[in-house]
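Asker: the sequence isn't on hand, but the structure is:
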């Protein structure tokens, strides 16, 4: 049983468009929600993260929107670029440095 | 350069032949984990360690062993590999100051 559900599985966006990836969770004890970016042949790397005391966090073209009541959070990539083409994983943690629950991943393809 | 190093990067082996995948980190991190990545399932935690000589099971520990005799090293042992352990494996480390996981480059294992 997956603790974090992620959609869509794959996404194709034109250059300059907005990419949106959604995640949902059930466990209200989660209090840290990171997004990881993975390029082919590489390990995942932290992209951006949010805690549930804020509804939005923005870093450059990347924004996390967080809806605590709906137990959902999403990643928005503004002005998507071909270099953003990668697999994106959402995750959740109880701020336990050992334990991250990952979503199933979204493969993003940004077309030039 | 801060990094997590896994070896080998690629491995093809036969059913039942014991193997070890090594993992080493140079960031003096307390926490280390092993994950397996499978299509449609995301990253699932196999084992984790909170410090030297302290290890515990993750979500999918069957068929795997680990040890943590030194802080920097966390090898993954498959004593009798089976084809269902064919997967992409990642080692990760986390420091005690912030919950950011640093991943190795991955080991693609094929068991025939």
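Answerer: Cool, got the structure. Just so you know, these numbers come straight off a predicted model, no measurement behind them. Numbering: from 1, shown residues only, chains lettered A, B, ... in the order given.
Asker: just the strands in chain A please.
Answerer: Listed from the start of the chain, chain A has strands (DSSP state E) covering A:4-7, A:10-14, A:19-25, A:33-38, A:45-50, A:56-59, A:62-67, A:72-77, A:86-92, A:101-102, A:106-111.
Asker: which one of these lies closest to residue B:42?
Answerer: Checking the strands of chain A against residue B:42 by C-beta to C-beta gives strand A:101-102 as the closest, at 4.2 Å. Every residue, glycine included, has its C-beta placed from N, CA and C.
Asker: give me the below-cutoff pLDDT ranges for chain A.
Answerer: Within chain A, the segments meeting pLDDT under 70 span A:1, A:95.
Asker: for residue A:42, see how far away residue A:111 is.
Answerer: Using C-beta to C-beta, to the nearest Å, one obtains 21 Å as the distance from residue A:111 to residue A:42.
Asker: equivalent analysis for residue A:109, please.
Answerer: As for residue A:109, its distance to residue A:42 is 17 Å (criterion: C-beta to C-beta).
Asker: check contacts around the one residue in chain B that gets nearest to chain A.
Answerer: Taking C-beta to the nearest C-beta, chain A has its nearest neighbour within chain B at residue B:103, 3.0 Å off. Contact criterion C-beta atoms under 8 Å, 6 or more residues apart in numbering or on different chains gives A:43-45, B:4, B:90-92 as the residues in contact with residue B:103.
Asker: need the per-residue pLDDT for it.
Answerer: Among the per-residue scores, residue B:103 holds a pLDDT of 96.
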